[in-house]
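Asks: need a 3D model of the sequence below.
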Amino acid sequence: MTRQVLVGLVVVATAGAAFAAGRERPRPRRDRAAIRQELGLSADQESQLRSLRQDTRKAAIQRRADLRLARLGLREALQAPSLDEGAVHAKAKQLADLRSAQFQANVETRLLLRKVLTPEQQEKLRTLRAERKADPLTRPDRQ
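Replies: Take a look at the predicted model:
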């Protein structure tokens, strides 16, 4: 019975992760030039942000691929003819570690962004984000 409960919990967790991953949709973006202009970015800041964006994108692509492979590995371990609970636990831990790394990377990116922007620019960016959240036409879940 313990084995069935464990398998059930892992299947539910995996299904939830798969559902969440399937919700990823491109968000409508404001014109970057307009945002840069509104923030009053210097050429040096634009260069730093461009570099940060490129580095972040590359790392995010790798993390998403690693997460997909980990989910696949967990699914295979759960569907194996003979269940190896140790392998299932190891795959589940790997998946959890990858999710944690993704969260940490997101936090690190936000910290790096704050180092590039002045306090006034940070406040303006917060205002722009709040406006975006309030506008139903720019919300991905409202389209």
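
Asks: CA only for contacts and neighbour counts going forward, please
Replies: Noted.

Asks: low-confidence ranges in this structure?
Replies: Along the chain, the model assigns pLDDT under 70 to residues 1-30, 136-143.

Asks: tell me the centre residue of it?
Replies: By C-alpha atoms, centre = their mean, the chain has its centre lying nearest to Gln102, at 6.1 Å.

Asks: measure that one to Leu72 for me?
Replies: Distance, Gln102 to Leu72, by C-alpha to C-alpha, to the nearest Å: 18 Å.

Asks: what is the burial count for Gln79?
Replies: Summarising burial for Gln79: neighbours were counted as other C-alpha atoms under 10 Å, giving 11.

Asks: for Leu78, same thing?
Replies: 20.

Asks: within the helices and strands, which one has it?
Replies: Element membership of Leu78 [criterion: DSSP states H and E] is helix 43-79.

Asks: what distance separates that helix from the middle of the whole chain?
Replies: Centroid displacement of helix 43-79 relative to its chain, using C-alpha atoms, centre = their mean, to the nearest Å, is 8 Å.

Asks: just checking, next helix/strand downstream of it?
Replies: Per DSSP H and E, the first helix or strand lying C-terminal to helix 43-79 is helix 85-116.

Asks: that following helix - contacts with which helices or strands?
Replies: Contacts of helix 85-116 with other secondary structure elements, assessed using 3 or more C-alpha pairs under 8 Å, 6 or more residues apart in numbering; DSSP states H and E, are made with helix 43-79.

Asks: the helix it packs on: which residues count as buried?
Replies: Within helix 43-79, the residues that qualify as buried are 45, 49, 56, 63, 66-68, 70-71, 73-75, 77-78, counting by 16 or more other C-alpha atoms under 10 Å.

Asks: which member of these is positioned nearest Lys91?
Replies: Nearest to Lys91, judged by C-alpha to C-alpha, of the buried residues of helix 43-79 is Leu74 at 5.2 Å.

Asks: what sits against the closest one?
Replies: If a contact means C-alpha atoms under 8 Å, 6 or more residues apart in numbering, then Leu74 has Val88, Lys91, Ala92 as its contacts.
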